[in-house]
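*Asks:* Output the structure for:
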Amino acid sequence: MTANIMLIRHAAHSDLGLVLSGRRTDVPLSPAGVAQARSLASVLRQERLDELQTSPVQRARETAAEIGEGRDLVPAVVDALDEIDFGSWTGRRFDQLEEDPGWREWNERRGEAATPGGETMAEVQQRVMDHLQLVARGAAGKVVAMVTHCDVIRAAVAGVLGLALHRILQFEVEPASVSRIEIGEWGARLLSLNEKPGQHG
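*Replies:* Now for the predicted structure:
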């Protein structure tokens, strides 16, 4: 018996592409992001969904709330799905970070580089993979949606596929996208990557 996991990236927010929001608690969805989340939720209502989990940050919780609307599913807040702890980089503009040698190293050597006072990519991958395994053991035959963050999803996909962490920037995980993983006693496999239900273009 297997568990099917939907890894859903939260919808767009106003800082997207401009500021490294990280674990900031004051970053809601933008109007465009609300529309994305509602469109995604509308499409997913055609599918079975047994459990719904979310990262603690606001943009993820708002996306999860849209998905749970009309399903009688209250999203469970799960720390293991939280954004990367970027330490002192949190809240900085990307154009400022581009001048930081540590930021360049982080993006070139994800498997070895560290954030300033935050998590390593290996630590992120460990916590999300441990959570996936834990959920799968208790959710055999079920479909579980997890609303989380781009690089957390990338870390999970890399873990399933056996990819080195320095390669995670070689595939995209866009806002309001769905990536699907199947997990059983035999192991795990990737079913889809970066689906964009309800989005066009």
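
*Asks:* backbone phi and psi for the residue of the chain positioned farthest from its centre, please?
*Replies:* For the chain, the largest distance from the centre (CA atoms, centre = their mean) belongs to E99, which lies 26.4 Å off. Here is the backbone geometry of E99 (degrees, to the nearest 10): phi -90, psi 0.

*Asks:* Go ahead and confirm H10 touches Q58.
*Replies:* No. Using CB atoms under 8 Å, H10 is not in contact with Q58; the gap is 9.1 Å. The way it works is simple: take the backbone N, C-alpha and C, and place the C-beta from them, glycine included.

*Asks:* Contacts only, for Q53.
*Replies:* 64, 75-78, 81, 135, 144-147 (CB atoms under 8 Å, 6 or more residues apart in numbering).

*Asks:* Specify the beta-bridge partners of it.
*Replies:* A76, M146 (DSSP bridges).

*Asks:* How much space separates it from A60?
*Replies:* Q53 sits 10 Å away from A60, taking CB to CB, to the nearest Å as the criterion.

*Asks:* Quick check: neighbours shared by these two?
*Replies:* By CB under 8 Å, 6+ apart, the residues touching both Q53 and A60 are 81, 147.

*Asks:* hang on, the earlier thing: highest neighbour count among the contacts of Q53?
*Replies:* Highest neighbour count within those, by other CB atoms under 10 Å: V147, with 31 neighbours.

*Asks:* Could you report the pLDDT at it?
*Replies:* pLDDT for V147: 98.

*Asks:* Pull the contacting residues for it.
*Replies:* 8-10, 52-55, 60-61, 63-64, 67, 75, 81.

*Asks:* rerun that using 10 Å as the cut-off
*Replies:* Applying CB atoms under 10 Å, 6 or more residues apart in numbering to V147 gives the contacts 6-11, 37, 40, 52-55, 57, 59-68, 75, 78, 81, 176.

*Asks:* Show me what the lengthiest strand in the chain packs onto, helices and strands only.
*Replies:* Ranked by number of residues, the top strand in the chain under DSSP state E is strand 187-195. Helices and strands touching strand 187-195, as assessed by 3 or more CB pairs under 10 Å, 6 or more residues apart in numbering; DSSP states H and E, comprise strand 3-9, helix 121-138, helix 150-161, strand 178-184.

*Asks:* can you list the ones you listed in CSV and add distance to R24 and mean pLDDT?
*Replies:* Below are the helices and strands packed on strand 187-195 laid out as CSV (distance: least, CB to CB, whole Å; pLDDT from 0 to 100):
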stretch, distance to R24, mean pLDDT
strand 3-9, 17, 98
helix 121-138, 17, 96
helix 150-161, 15, 97
strand 178-184, 24, 97
